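please work out how this folds:
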Amino acid sequence: MKLEFLPDLTAGGRYKHVVSEKLIRLYDFTSSEASRLRTAILEKVINHNQTLSLSSLDFIQPLNCNLSFRISSEGAGISTADGKALVLDQTIEQYKHMIYLMEPFCESESSGYQWLIDGGDIDLLFSPSGKW
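The predicted structure is shown next:
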């Protein structure tokens with residue numbers, strides 16, 4: 001599974017009608033890796049209220065960033081100070097919804113995609129092919 005931050009999908013404003021201006025994508029994964037990520041989120045974040053750094057998982061290859069999941073009282077979304085270390089702050093209920101959205105990718109190889117975070121400053125795409 002690869003982890004990549006795409007900071008400017010507008011190409012400096014050249015493309016005005018993009019779906020998202022900034023996004024993180026988790027892609028190039030198998031159903032087994034999707035299941036392992038879902039389990040890590042459930043066990044570490046939801047059940048034990050601990051921060052999960054995705055680069056600490058042996059099946060995730062960070063290409064240009066790291067993304068950490070942590071619990072917050074309000075779902076603030078994804079933030080970053082430097083474009084390399086990103087943090088997703090969500091409530092437990094929002095993380096439960098996220099792992100629900102991941103389920104189809106855990107059960108079989110899929111060619112679709114899912115927006116795990118959509119509508120904030122930075123979106124999170126979950127896509128075996130990397131496309132949306």
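
where in the chain is pLDDT low?
11-13, 17, 19 (pLDDT under 70).

in stretch 70-84, what counts as buried?
Within stretch 70-84, the residues scored as buried using 16 or more other C-beta atoms under 10 Å are 70, 71, 75, 77, 78, 80. (Each C-beta comes from the backbone N, C-alpha and C, glycine too.)

same check, this time on stretch 91-104
94, 95, 98, 99, 102.

which one of those residues sits closest to residue 9?
Among these, residue 98 lies closest to residue 9 (C-beta to C-beta), at 21.8 Å.

just checking, that closest one is part of a strand?
No - residue state for residue 98 (DSSP: H, G, I helix; E, B strand; the rest coil) corresponds to helix; a strand is not indicated.

show me what contacts it?
Contacts for residue 98 (C-beta atoms under 8 Å, 6 or more residues apart in numbering) come out as 41, 90, 116, 117.

what is the helix or strand hosting residue 40 packed up against?
Following DSSP states H and E, one finds residue 40 within helix 31-40. Contacts defined by 3 or more C-beta pairs under 8 Å, 6 or more residues apart in numbering; DSSP states H and E place helix 31-40 against helix 92-107.
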